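**Student:** Turn this into a model:
(2 chains)
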Number of protein chains: 2
Amino acid sequence: MQTVSIKDLYQRTDKYLTKRVRVNGWVRTVRVSKAFGFIELNDGSFFANLQVVFEESLGNFKEVAKLVTGSAITVEGELVESPGAKQPFELKAENIEIVGACAPDYPLQKKRHSFEFLRTIAHLRPRTNTFSAVFRVRSLAAYAIHKFFQERGFVYVHTPIITGSDAEGAGEMFRVTTLDFNQPPRNEAGRVDFTSDFFGRETNLTVSGQLEVETYCLAFSKVYTFGPTFRAENSNTPRHAAEFWMIEPEIAFADLKDNMNLAEAMMKYVIDYVLQNALEEMNFFNKFIDKSLLARLENVLKSDFGHVTYTEAIDILKNAQEKFEYPVEWGYDLQTEHERYLAEKHFQKPVFVTDYPKQIKAFYMRMNNDQKTVAAMDLLVPGVGEIIGGSQREERLDYLERRMAELGLNTRDYWWYLDIRKYGGTKHAGYGLGFERLIMYLTGMSNIRDVISFPRTPKNAEF
Amino acid sequence: MQTVSIKDLYQRTDKYLTKRVRVNGWVRTVRVSKAFGFIELNDGSFFANLQVVFEESLGNFKEVAKLVTGSAITVEGELVESPGAKQPFELKAENIEIVGACAPDYPLQKKRHSFEFLRTIAHLRPRTNTFSAVFRVRSLAAYAIHKFFQERGFVYVHTPIITGSDAEGAGEMFRVTTLDFNQPPRNEAGRVDFTSDFFGRETNLTVSGQLEVETYCLAFSKVYTFGPTFRAENSNTPRHAAEFWMIEPEIAFADLKDNMNLAEAMMKYVIDYVLQNALEEMNFFNKFIDKSLLARLENVLKSDFGHVTYTEAIDILKNAQEKFEYPVEWGYDLQTEHERYLAEKHFQKPVFVTDYPKQIKAFYMRMNNDQKTVAAMDLLVPGVGEIIGGSQREERLDYLERRMAELGLNTRDYWWYLDIRKYGGTKHAGYGLGFERLIMYLTGMSNIRDVISFPRTPKNAEF
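**Tutor:** You can find the predicted model right below:
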C-alpha cells in the first residue's frame, strides 16, 4: 500500500480516489458518535486537513475514539468521495495505528491562542494553522528566490558570517570569541590581547555580505548571497530582530536602472510563485490576518513600479495634506511614515526612491554628477515601507578613496575592496532584501518574531 | 542590440550566429599581429572563453592592442563561425569599449599560481579557471539540494545561528557577546555577569540545527535546514574549517532505512544535476585536479549503495590485509583510514555503516534492542570517507531521559526537545551533510580552504 501525503491527496485526487492508501499525521480534532467518528488529520504537507472516518468495526475503536489533539497516527483505508460535505473526499479507515501518544497537558488545545503566548512555545507553534502557513510560505519564498536567480545564471555565494570587517562602516555588531571572559589574556597596556583569540584578531558577526560579494561579482558578472546577518541593536520593535536572513544580488556592467529592473522582476517573481504554490495559505492570511493582502499583492503583480528621486519625494511630502511626526527636510532620512505615505497614498503601488543625499547613505555608493547625491535606491511598498535598499557602487578608485577619507575610514582595512576597483573594476550595482520583511509583506504578519522559527531579540535567545 | 552572456552564446549558438550582439567581460589574454588581434574574453557565466577578433579598422585599435589581462571591456560585433579553429565561433568586433582598466601590477598574470598563493588573494581567485569552476559548481550544488528537497515537499527551515543550547552535548563553540571585554560587568562572586549580555544569558554560535529542526519535523513531517554552522576547534587540517555550511534533513514517520534511502537519492540527484549543468567544469576537474573523478561519480550514479553494520565492518577491517595506523576494536570509532578502506577497497562504492556502539554516538540516537548499539548511520564514500552522519532519533521519552542522565546532561536545558516526545512524538530520523565536504567530493579539490569563498580557520579571518 502506498504512503501518501495529504497534499498529494488534494492535488492528485483523481489518482487516489477509490484506492487504498496509507497516511501519517497528527490529530487536530476527534468527533465521535456512538458507532462512528471523524478525525481531522494534518501532516504538515498541506494547509487543509484530511477527514478520516472510522467505524465501530475498527479493532481499536475505543482507543481511537479517545485520541486527543496532538496524537500521531498512521491510517490505512480507502479514499472515497464525500459528496455534499465541505471536504471533497475522506479516508475510510480500515486500520488506525497510534504511533505517538500525546500527553493531556498539550498546550495546543482547540482554541484561539495569542501570538504572544505561542512565541513562548516556539517549538510547538508550527503545528497551528497560522504558523504552519507562515513557515510553508517562508520555505517557498526562499526557494523562489533561488529559482529566480539560478534561472538567470546568477552564482550563489556564501559570504563569511564571521568577519573582521564592518560592511556598513556602522551598525552595532556581535563579537565572536573563544577567549576566557573571566581571565582574558592582556597585553602590556593592560588591554585584552585579541591576537591570542581564535582568529588572532577581533572578529564579529557580519552585518552584510555585500563588500565580499562585490569581489565575486567582478568575476562572475551576476551573483547573489542568501544568508544570515546580525545587528546588535537594542531595538525592541515588531520590525527588528538581532538575527535575520538577507538576500544580496550584485550585477556587473550594470547601473542603477538595471538594478531597479532586477529588483522589480524579483519581487514579482516571488509573489507570483507563492500565489501559485501556496494559494490555500494565502487565502487564509487574507481572511484572518490582513483582509487587503491579496488585493495588494495582485496590484503589485500588474503595476509598473513607480520611480521618483529623493528630491522630488521631499517636494511631494512637503506638499502633502498630511501631518507627519518627523520633519520633512532635504538632507534628512525618510521615516517609515514618509515611506508609507509615498507608497500607499501618493503612488498607491511600489515605488523606487533614488538619488539620496550622500550624507545619509553608505560610503560605497556612487557619487552623482551633482556631487551632492549618490546613485542609491530604496524600494518602498504599501503596508511596509522600505523593503529593499541598494545602489550603484562607486567603481572609480579616486572617488571612493576620497569619500572614505572624508568619513574617516581607514583604506588599509579595505585593501581588497579597493583592489576590485584597480583591476578591471567596471560599473556594478546591487541591493539587499531583508528576507523576514519580505515574509511579513507576503503574509501580512505584523511582528517579525512571528515569521522566524526561533527569533533572537534583546534578552531573548530561548530554544 | 542584445547583450548576451558567453554561456548563452555557447548554449544557443544557432540563435546568435550571424547576428550582431553585445558582450561584456574581462580580458584573459590578448594576442596581436600587425593588422588584427585576438582577445580571450571571460564573463564568469561559463567555463570557456569567447574569442574576440578585432582588426585595424577598429577606431581604438591601438588602445585595444595594448589591453592587459584583467581589463573589463564591452564588445559589439557579429558572431561568426570559425571553422577549423578550436572554438566553434568567434565575435568579430565592430566596437570595443574599455569600461574598466587594469593596473599593471595585477597579480593574476597568465601563469600557474599555487593554491596557497591564491588563498592570499581570495578576492581575486574566482577569476582563475580553477576557482571559477569550483564556485560555479558550489552554486549549482546548493541549488540542486534545494531543488531535491522542495520537489519532494520538504519545508526549508532557518534554524537559529545564535543559540543558548549545544546540539551535540560536545563540540567547542564560539561565544557571541556584546559585553565590554575590558570591563565586563561582574556578579557578587566576581564572575562575569552574563545576565547583562545582549540576550540576557550566555550564547554561542550553533554547531548544528538538528535539535531545533526536529521540532519542525514533528509539525511538517519533512523538513531540512541549509545554513552555516561553526566549530571552534583548533584543527589546522585540509578538511576542517571553523565556519561551514550544513544540510540537515529530518523526516517523521520514518526509520533508519528511510533515512538511508533519502540520503542515497539526494547524493545521486546532486551528482547528476552537477554533471548535467556543469559538464565543462567537471571535465576540467577530471583533467587537472583528479583524473579518477568522473569515473568515481559515474560509478556512484549506477551503484546501489552498500550497507554494513558497524559490528560487521569491524570484522571486515580485522580480516583486512592492510596495516592501519589506528587500532581496530569494537567500541572504537572508525578513523578516516578505516572508512576509506571500506568504501574504496572492500565495497568499491558508497557504503552505509549502521548501528554503532552507543558510547561513541550522540545522546539523541535511538537505542537498538541489544541495548549496546544505536540506530546510527554514516555514509562513507571513496576518496573522502565519511560524508554524511545521521540516525533515527530516540522518540521514547523514558529512554531519552535515561540516556541523558547517564551522560550527565541537564534535562531542564532541553525541556522543549523533550516536549516533542511527549506530544505526538513519533519515530523520526535525519542526517547531516557537510556542504564543503560534498563540494570537495564533487570537484576533487583536496583542501577545504579552496571550496569556501573566504575560509575561516585558526588565526585566519582575513577579508
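**Student:** is it true that residue A:55 touches residue A:36?
**Tutor:** Yes. Using CB atoms under 8 Å, residue A:55 is in contact with residue A:36, at 4.6 Å. Glycine gets a C-beta too; all of them are placed from N, C-alpha and C.
**Student:** Show me which of those two is the more surrounded one.
**Tutor:** residue A:36 (16 against 12; other CB atoms under 10 Å in any protein chain shown).
**Student:** Would you mind measuring from the more buried one to residue A:92?
**Tutor:** Taking CB to CB, to the nearest Å as the measure, residue A:36 falls 10 Å from residue A:92.
**Student:** what touches both of these two?
**Tutor:** residue A:53 (CB atoms under 8 Å, 6 or more residues apart in numbering or on different chains).
**Student:** residues near residue A:397, how many?
**Tutor:** 16.
**Student:** was I right about it contacting residue A:421?
**Tutor:** Yes. Look at residue A:397 against residue A:421 with CB under 8 Å: they come within range, at 4.2 Å.
**Student:** Could I get the contacting residues of residue A:42?
**Tutor:** Counting by CB under 8 Å, 6+ apart, residue A:42 has contacts A:6, A:25, A:26, A:28, A:49, A:50, A:127, A:132.
**Student:** Throw those into CSV and include distance to residue B:433 and pLDDT, thanks.
**Tutor:** Below are those laid out as CSV (distance: CB to CB, whole Å; pLDDT from 0 to 100):
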residue, distance to residue B:433, pLDDT
A:6, 28, 98
A:25, 27, 98
A:26, 27, 98
A:28, 33, 96
A:49, 33, 96
A:50, 32, 97
A:127, 27, 97
A:132, 26, 98
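**Student:** Redo those residues as CSV? Include distance to residue B:136, secondary structure and neighbour count.
**Tutor:** Formatted as CSV, the contacts of residue A:42 follow (distance: CB to CB, whole Å; DSSP: H, G, I helix; E, B strand; the rest coil; neighbours: other CB atoms under 10 Å in any protein chain shown):
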residue, distance to residue B:136, secondary structure, neighbour count
A:6, 38, helix, 22
A:25, 41, strand, 27
A:26, 42, strand, 26
A:28, 46, strand, 18
A:49, 44, coil, 19
A:50, 43, strand, 26
A:127, 40, helix, 25
A:132, 36, helix, 22
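**Student:** restrict those residues to contacts with chain B.
**Tutor:** Among these, the residues within reach of chain B (CB under 8 Å from any CB of the partner chain) are A:25, A:26, A:127, A:132.
**Student:** For the stretch 1-150 of chain A, what lies in contact range of chain B?
**Tutor:** A:3, A:5, A:7, A:24-27, A:43-45, A:70-72, A:74, A:99-103, A:106, A:108, A:121-124, A:126-127, A:132, A:135-136, A:138-140, A:142-143, A:146, A:150.
**Student:** how about 7 Å then?
**Tutor:** Selection of the stretch 1-150 of chain A residues close to chain B by CB under 7 Å from any CB of the partner chain yields A:5, A:7, A:24, A:26, A:43-45, A:70-72, A:74, A:99-100, A:102-103, A:106, A:123-124, A:126-127, A:132, A:135-136, A:139, A:142-143, A:146, A:150.
**Student:** so which helix or strand takes in the closest residue to residue A:61 other than its chain neighbours?
**Tutor:** Distance criterion CB to CB, 6 or more residues apart in numbering or on different chains; nearest residue to residue A:61, sequence neighbours excluded, is residue A:54 at 6.9 Å. Using DSSP states H and E, residue A:54 sits in strand A:50-55.
**Student:** For that strand, name the packing helices and strands.
**Tutor:** When contacts are defined as 3 or more CB pairs under 7 Å, 6 or more residues apart in numbering or on different chains; DSSP states H and E, strand A:50-55 sits against strand A:36-42, strand A:89-100.
**Student:** So of the contacts of residue A:42, which two are at opposite extremes in space?
**Tutor:** By the measure CB to CB, A:50 and A:127 form the most distant pair in the contacts of residue A:42, at 15.3 Å.
**Student:** Give me the number of neighbouring residues for residue A:75.
**Tutor:** Counted with other CB under 10 Å, residue A:75 comes out at 22.
**Student:** Tell me who's in contact with it.
**Tutor:** By CB atoms under 7 Å, 6 or more residues apart in numbering or on different chains, the residues touching residue A:75 are A:23, A:41, A:52, A:91, A:93, A:96.
**Student:** where along the stretch 1-150 of chain A do the strands fall?
**Tutor:** Using DSSP state E, counting those that start in this stretch, the strands of the stretch 1-150 of chain A run over A:2-3, A:20-32, A:36-42, A:50-55, A:72-81, A:89-100.
**Student:** Same question for the stretch 151-300 of chain A.
**Tutor:** Using DSSP E, counting those that start in this stretch, strands in the stretch 151-300 of chain A cover A:155-156, A:162-163, A:175-177, A:203-205, A:222-230, A:243-252.
**Student:** export those strands to JSON lines and tack on distance to residue A:378, mean neighbour count and mean pLDDT?
**Tutor:** Listed next are the strands of the stretch 151-300 of chain A as JSON lines, based on distance: least, CB to CB, whole Å; neighbours: other CB atoms under 10 Å in any protein chain shown; pLDDT from 0 to 100:
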{"stretch": "strand A:155-156", "distance to residue A:378": "25", "mean neighbour count": "24", "mean pLDDT": "98"}
{"stretch": "strand A:162-163", "distance to residue A:378": "25", "mean neighbour count": "23", "mean pLDDT": "96"}
{"stretch": "strand A:175-177", "distance to residue A:378": "30", "mean neighbour count": "24", "mean pLDDT": "95"}
{"stretch": "strand A:203-205", "distance to residue A:378": "24", "mean neighbour count": "24", "mean pLDDT": "95"}
{"stretch": "strand A:222-230", "distance to residue A:378": "18", "mean neighbour count": "24", "mean pLDDT": "98"}
{"stretch": "strand A:243-252", "distance to residue A:378": "15", "mean neighbour count": "25", "mean pLDDT": "98"}
